[in-house]
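In: What shape does this take:
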Amino acid sequence: MRIVLDTNTLVSGILTPGPPRRLVDAAKAQTFQFCTSETLLAELLDVLSRNKFAARIHKAGLAPQGIVDDLRRIALVVSPLAVPRIVPNDPDDDHVLACAIAAQADIIVSGDKHLLDLKNCAQIPIIKATEALARIQR
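Out: Residues are numbered from 1 along each chain as shown. Here you go, the predicted structure:
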């Protein structure tokens, strides 16, 4: 199963316990094929480098670049040929959709309202972390 984890899901999974963490752990265990793009990895690095996360990341003995490098090593990194304008209120979300299309993903996991409201893109379901975990366990 190929899965794109949105940046908000990855950040939650890296910093807090719960379903997003279980997804990140499952990606690291290669329970599914984690798919991403250089654009999404750059966004993740930018978000993890923000001051509001610095203390928690440092306390865990981690560094933003190290986290991104670790994820890059386990990921299928795709290069979308195009980034269609689909999400009018948040163009960054279009990169998630472009990545999923390029990766021929089975699902997109997000907590982002703009993406969840779409429900799917190119017949790829957009679901929350809890539903993704249920699908993986099936």
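In: separation between the residue sitting furthest away from the middle of the chain and Leu45?
Out: Distance from the C-alpha centroid of the chain, by CA atoms, centre = their mean, peaks at Lys59 (22.9 Å). Distance, Lys59 to Leu45, by CB to CB, to the nearest Å: 19 Å. All C-beta atoms are positioned from the backbone trio N, CA, C, and that covers glycine.
In: now Ile3
Out: 20 Å.
In: and these two? which has more neighbours close in?
Out: For Ile3 and Leu45, the more surrounded residue by other CB atoms under 10 Å is Ile3, and the numbers stand at 27 against 16.
In: In this structure the more buried one contacts Ala132, no?
Out: Yes. Judged on CB atoms under 8 Å, Ile3 makes contact with Ala132 at a distance of 6.6 Å.
In: got any residues that touch both of these two?
Out: Listed as contacting both Ile3 and Ala132 by CB atoms under 8 Å, 6 or more residues apart in numbering are 23, 107, 109.
In: Helices of the chain, start to end?
Out: Counting by DSSP state H, the chain has these helices, from start to end: 7-15, 19-28, 38-48, 51-59, 64-74, 92-103, 113-118, 129-137.
In: Can I get those in JSON lines including distance to Leu81 and mean pLDDT?
Out: Converted to JSON lines, the helices of the chain look like this (distance: least, CB to CB, whole Å; pLDDT from 0 to 100):
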{"stretch": "helix 7-15", "distance to Leu81": "21", "mean pLDDT": "95"}
{"stretch": "helix 19-28", "distance to Leu81": "24", "mean pLDDT": "97"}
{"stretch": "helix 38-48", "distance to Leu81": "13", "mean pLDDT": "97"}
{"stretch": "helix 51-59", "distance to Leu81": "32", "mean pLDDT": "91"}
{"stretch": "helix 64-74", "distance to Leu81": "20", "mean pLDDT": "97"}
{"stretch": "helix 92-103", "distance to Leu81": "7", "mean pLDDT": "94"}
{"stretch": "helix 113-118", "distance to Leu81": "21", "mean pLDDT": "93"}
{"stretch": "helix 129-137", "distance to Leu81": "26", "mean pLDDT": "96"}
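In: Name the stretch among those helices that sits most buried.
Out: helix 92-103 (a mean of 23; mean count of other CB atoms under 10 Å).
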